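J.: My questions are about this predicted structure, shown below with the sequence.
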Amino acid sequence: MNDRLLSLLGLIRRAGKLSMGFDAAADAMGKGEASLLLLSEELSERTSGAIRKIAEQSKTCVITVKHGMEEIGHAIGRRSTGIIAVNDSGFADKIKTLCAENSQEECI
């Protein structure tokens with residue numbers, strides 16, 4: 001588990017730089033606000049495929065994390081969520097760095 005990632009997600013949430021859920025993330029990517037898309041490994045193939053297609057069209061980097069939706073939701077103060085758009089390039093770069101340091105995450 002990468003507790004640093006979960007802690008960072010909580011910080012980004014408090015900074016107001018997250019779009020959580022399918023619709024909010026898709027909207028952020030459509031507007032060009034999203035710098036990074038995070039997906040839970042528990043996300044269904046159908047939902048994952050649909051949001052990845054939007055990310056591909058908007059040229060948004062996608063990372064699948066090895067955390068469950070409940071775990072991610074708890075870190076950001078929600079019930080559960082499997083889709084998060086990070087709307088800040090600095091925070092997105094920090095997450096990519098954490099991803100590179102921890103081979104537990106799949107970077108796409």
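T.: Alright, I've got the coordinates. Just so it is clear, the structure is predicted and the values come from calculations on it, not from any experiment. Numbering: from 1, shown residues only.
J.: So which residues of this structure form strands?
T.: 18-20, 36-40, 61-65, 83-86, 106-107 (DSSP state E).
J.: now for these, which one comes closest to Arg4?
T.: Among the strands of the chain, strand 61-65 comes nearest to Arg4, with 11.8 Å by C-beta to C-beta. C-beta coordinates here come from the backbone N, C-alpha and C atoms, glycine included.
J.: before we move on, the earlier item: please identify the most buried of the strands of the chain.
T.: Highest mean neighbour count of the strands of the chain: strand 83-86, a mean of 27 (counted as mean count of other C-beta atoms under 10 Å).
J.: Just the mean pLDDT for that one, thanks.
T.: If you average the pLDDT over strand 83-86, you get 96.
J.: got a list of what the residue nearest the centre of the chain touches?
T.: The structure's the chain has its C-alpha centroid closest to Leu38; by C-alpha atoms, centre = their mean the separation is 2.0 Å. Leu38 is in contact with Leu9, Val62, Ile63, Thr64, Val65, Ile72, Ile83, Ile84, Ala85, Val86, Ile95, counting by C-beta atoms under 8 Å, 6 or more residues apart in numbering.
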